[in-house]
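[1] Sequence first, then the predicted structure, then my questions.
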Amino acid sequence: MSDLDRLSECDSLISTILLDIVWNFNVVKSSNCDLNTNNIKDLVIESLSKYNYNPNKLVDALLSLDFIKKHLRRKQLSYKSLFRDHLHVYSLLFHPSTPFEIRYNRRLSEFTKKSEYSLVATKNIPKDTLISNCLATLIKISHDQDKVLRDSNNDWSILTSLTTGTRIFLGPARFANHDCDNNVQLERTQNHVYFRTNQWIKSGQEVLLNYGNHYFGENNENCFCLTCETNNNGAFKNLDYNTQDNQLRTRFNSYIRSNTTSSTNYSSASSSLTPLSSLSDLNEILCSNDKCKNDKLENNDECHTCLIHRRIYQNSWPSRNRLKNSSYQHEYMSEDSTSESSSAPSSPASSMYSDTNE
Ligand SMILES: C[S@@+](CC[C@H](N)C(=O)[O-])C[C@H]1O[C@@H](n2cnc3c(N)ncnc32)[C@H](O)[C@@H]1O
């Protein structure tokens, strides 16, 4: 088994459990995991709600679940250690100080016709902040593996450097989409990548990388980022908003139709086109779930995201601070109070981020 096979197997199981099963996402497109989702979901959420403050304990709790023990039983030590490390990388996603979350990206999905996710800030993050809770595991890949991945148009994130060769990263950081006016840059250690902000990111804004000048074709001619849309660049270059049969226009209109409230006059939406950039705040109110679209989030028990969030954090989405009268307060204090400072991820102090929503 190559390093790439090992990492991709670990990544696929961990993101199936912690993203697809917990949040009802569809991140792992071709999952061959044979898991009983309903049983697992409650067990995993129980561990997350007990130990989200303590990534090391959370990893131990997840590793002690029967289906994970079963998965690891016949694996080599090197696989087990990679699995543990990668699980830790994903566990940081659930730490209350983590200032972003993974969310479904309706706008991009509409363009690419795939389920697209993104990283969205849940707190204000100052310029030049190291977002160390946003990690991915980095491994070297061979020239042949690189070619296969590129030819299959796989989303995996490949870094090429003359000095270190080709490497690939998998983990939460790989959900950062590209924008030509990016707000984070990649930093690397030997085994991981993480982000540093190069401008302020406000709560609700997407965390965005720049993949390079020619990642989406020559001069990024197929780039769908908001900056390209605003400046009529990339896929939006020479786009004539008045041309009826323009393919992009058709996509825009179907996007607008699927996101407008029932009182909207659809025929007028299709005759006077609204650029998507003016709808960007839709992402903030959607809570990745259509049910929250027109409702206040706080009391919306029908929203799966809000419900799961409340089970894990005992607070309304997107706040991760436990309420004083939470039933879990006692458990949290007794389980974690002694170890929190030593085992919390080496992240910037949570006070560096400010919450506009709390
Ligand atoms: C590293 S992944 C980013 C996460 C991805 N949205 C997901 O859910 O897996 C890169 C993929 O995201 C999409 N993407 C990101 N930024 C884009 C952009 N500016 N224009 C078009 N597609 C983009 C493309 O499908 C691309 O292959």
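    Done, it's in.
[2] Over to the nearest residue to residue 209 once chain neighbours are set aside: give its phi and psi.
    With Cβ to Cβ, 6 or more residues apart in numbering as the criterion, residue 209 has its nearest non-adjacent residue at 4.5 Å, and that residue is residue 176. The C-beta positions use only the backbone N, C-alpha and C, and glycine is treated the same way. Backbone torsions for residue 176, taken as degrees, to the nearest 10, come to phi -70, psi 120.
[3] Distance check, residue 176 against residue 45.
    Per Cβ to Cβ, to the nearest Å, residue 176 is found 26 Å from residue 45.
[4] and the two? which has more neighbours close in?
    Counting neighbours by other Cβ atoms under 10 Å for residue 176 and for residue 45 shows that residue 176 has the greater number, 25 against 15.
[5] Tell me how this structure divides into domains.
    1-96+300-324, 99-284 (the TED database).
[6] Can you pull out the low-pLDDT segments for the stretch 101-250 of the chain?
    Residue ranges of the stretch 101-250 of the chain with pLDDT under 70: 152-156, 160-164, 240-250.
[7] Within the sheet, what are the partner strands of the longest strand along the chain, with directions?
    Secondary structure assigned by DSSP state E gives strand 130-140 as the longest strand of the chain. The pairing partners recorded for strand 130-140 under DSSP bridges are strand 165-170 (antiparallel), strand 192-197 (antiparallel).
[8] I would like the C-alpha coordinates for that strand, written out in PDB, please.
    Taking C-alpha atoms only, strand 130-140 is exported to PDB below (Å, rounded to 0.1, in the frame of the first residue of the first chain):
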ATOM      1  CA  LEU A 130      -2.300  31.600  11.900                       C
ATOM      2  CA  ILE A 131      -5.400  29.400  11.700                       C
ATOM      3  CA  SER A 132      -3.600  26.400  13.100                       C
ATOM      4  CA  ASN A 133      -6.800  24.500  13.700                       C
ATOM      5  CA  CYS A 134      -7.200  24.300   9.900                       C
ATOM      6  CA  LEU A 135      -4.900  21.500   9.000                       C
ATOM      7  CA  ALA A 136      -4.300  18.900   6.400                       C
ATOM      8  CA  THR A 137      -1.900  16.000   6.300                       C
ATOM      9  CA  LEU A 138       0.800  16.400   3.600                       C
ATOM     10  CA  ILE A 139       2.500  13.400   1.900                       C
ATOM     11  CA  LYS A 140       4.800  13.000  -1.100                       C
END
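[9] I'd like to know how many residues surround the residue lying closest to residue 25 once chain neighbours are set aside.
    Distances taken as Cβ to Cβ, 6+ apart place residue 19 nearest to residue 25, at 4.8 Å, with adjacent residues excluded. The number of residues packed near residue 19 is 20, by other Cβ under 10 Å.
[10] Within range of the ligand, give me the residues from the stretch 201-350 of the chain.
    Within reach of the ligand by Cβ under 6 Å from any ligand atom, the stretch 201-350 of the chain has these residues: 216, 223-225.
[11] on that earlier part again, kindly provide the distance from the residue nearest to residue 25 to the ligand.
    The gap separating residue 19 from the ligand is 10 Å, by Cβ to the nearest ligand atom, to the nearest Å.
[12] try residue 147
    Distance from residue 147 to the ligand, counting by Cβ to the nearest ligand atom: 17 Å.
[13] circling back: please verify my assumption that the residue nearest to residue 25 contacts residue 102.
    Yes. If you go by Cβ atoms under 8 Å, residue 19 and residue 102 touch, sitting 6.5 Å apart.
[14] Right, I'll leave it there.
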